[in-house]
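In: Everything below, folded, please.
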Amino acid sequence: MNLNTEKTNPKSKHIELGKVTWFRDYNYALHLSSKLSKPILLFFQEIPGCSTCVNFGREVLSHPIMVDIIENEFIPLAIYNNKPGIDADILKRYDEPAWNNPVAHFVDQNGKDIVQKLANNYHPLSMLDKIIEALRGIKVEIPEYILNFRKELQIHYGFTKTTIYETPCFWSGETSFALNDAVYSTMAGFIGHKEVVKLEYDPTKTILEELNEYALAQGFFLVENHKPFRIDKDPQYYLKKTNFKFLPLTLAQRTAINLALPYKKDAKKYLSPTQLMWYNHNKLSELSHPKAYELNIVQSWDFLTNQIK
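Out: Residues are numbered from 1 along each chain as shown. Here you go, the predicted model:
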């Protein structure tokens, strides 16, 4: 059997595929799945596609951490649902309609579904939750960077709440709040001349009254007026003293790493495979931006990708 090792180019015009590099040959994907002991993310997509398809590629499949997850934890396979020939054969095998909105199957080395497919749901959190479900379905321990990314998506899409507390020292205040499981990100700054910590917390894990009690026990006080908030010149103080500062990082990663460092915990577990590769590069400090972690992660990610081949 001739196997086609062709991959898509994420820099092509097909926004519908996001920034993931996809294999295109079903049998080759099965071969790799068996060889590497990885499940397949079998993605049915319309190419070129409607606005729903384009938005799925742009919103769900383009964040650099999501791309890293898909490319490292799975064998990514794209099947075009509006093409004749082999694509149409695979479409029929999985009983998927042609000219349809995006559908994701998560299958094993035999092509059998591990979990129920993702369909009629176009939110990044839904994709990530299905990824986690699929990995658990094959008894894989979920890497910490994936669980941390879920927190980031909750922050980004407004599932967390914001509050601010006055602290005697905002650097220690950041780590004190990060010890609370309901707190997903912290940011040291000022309101007037007061040192404060701005944080994002999960309202399904705690309520503000409980967080206030936690803060009071630490000697921190709720700030009612949140404006104007100014970020400190040294956000995530402990992180900034290390080579982690040269990495593109999400807000949730910054908080988790900043907490791990002073407590001598493993901070590298919060890095995706590409971030870890960059961290271990012997010329990272020379090639990266000196404040990469503070920049927009997409922009700093693209910059470092071009710097470190």
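In: check which helix or strand covers Asp87.
Out: Assigned by DSSP states H and E, Asp87 belongs to helix 86-93.
In: sorry, that was for Leu199
Out: Assigned by DSSP H and E, Leu199 falls within strand 194-201.
In: Just want the angle from the helix or strand following that strand to strand 194-201.
Out: Downstream of strand 194-201, the next assigned helix or strand under DSSP H and E is helix 208-218. With axes from the mean of the first three to the mean of the last three CA atoms, to 10 degrees applied, the angle from helix 208-218 to strand 194-201 works out at 140 degrees.
In: elements contacting helix 208-218?
Out: strand 161-166, helix 170-178, strand 221-222 (3 or more CB pairs under 8 Å, 6 or more residues apart in numbering; DSSP states H and E). Every residue, glycine included, has its C-beta placed from N, CA and C.
In: CA atoms only: put the second one into PDB for me.
Out: The reference is to helix 170-178. Below are the C-alpha coordinates for helix 170-178, written out as PDB (Å, rounded to 0.1, in the frame of the first residue of the first chain):
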ATOM      1  CA  PHE A 170       2.300  42.800  45.600                       C
ATOM      2  CA  TRP A 171       5.100  40.400  44.700                       C
ATOM      3  CA  SER A 172       4.300  38.100  47.600                       C
ATOM      4  CA  GLY A 173       0.600  39.000  47.100                       C
ATOM      5  CA  GLU A 174       0.700  37.400  43.700                       C
ATOM      6  CA  THR A 175       2.000  34.100  45.000                       C
ATOM      7  CA  SER A 176      -0.300  34.100  48.000                       C
ATOM      8  CA  PHE A 177      -3.300  34.400  45.800                       C
ATOM      9  CA  ALA A 178      -2.000  31.900  43.200                       C
END
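In: quick one: contacts of it?
Out: Outside helix 170-178, the residues that touch it by CB atoms under 8 Å, 6 or more residues apart in numbering are 165, 167, 183, 186-189, 195-197, 199, 215, 218, 220, 232, 234, 236-238, 255-256, 258-259, 262-263.
In: swap in stretch 87-100?
Out: Outside stretch 87-100, the residues that touch it by CB under 8 Å, 6+ apart are 26, 42, 44, 46, 79-82, 103, 105, 111.
In: Could you rerun that using 6 Å?
Out: 26, 44, 79-82, 103 (CB atoms under 6 Å, 6 or more residues apart in numbering).
In: So which of these are in helices?
Out: Residues of these located in helices (DSSP state H): Tyr26.
In: And Val103, how far from Tyr94?
Out: Taking CB to CB, to the nearest Å as the measure, Val103 falls 8 Å from Tyr94.
In: higher neighbour count, these two?
Out: Legend: neighbour count by other CB atoms under 10 Å for Val103 and Tyr94, higher for Val103 (20 against 15).
In: For that one, list the residues it contacts.
Out: 44, 96, 117, 119.
In: Find the residue closest to the last one in space, skipping its chain neighbours.
Out: The shortest distance from Ala119 to any residue that is not its chain neighbour, by CB to CB, 6 or more residues apart in numbering, is 4.7 Å, and that residue is Val103.
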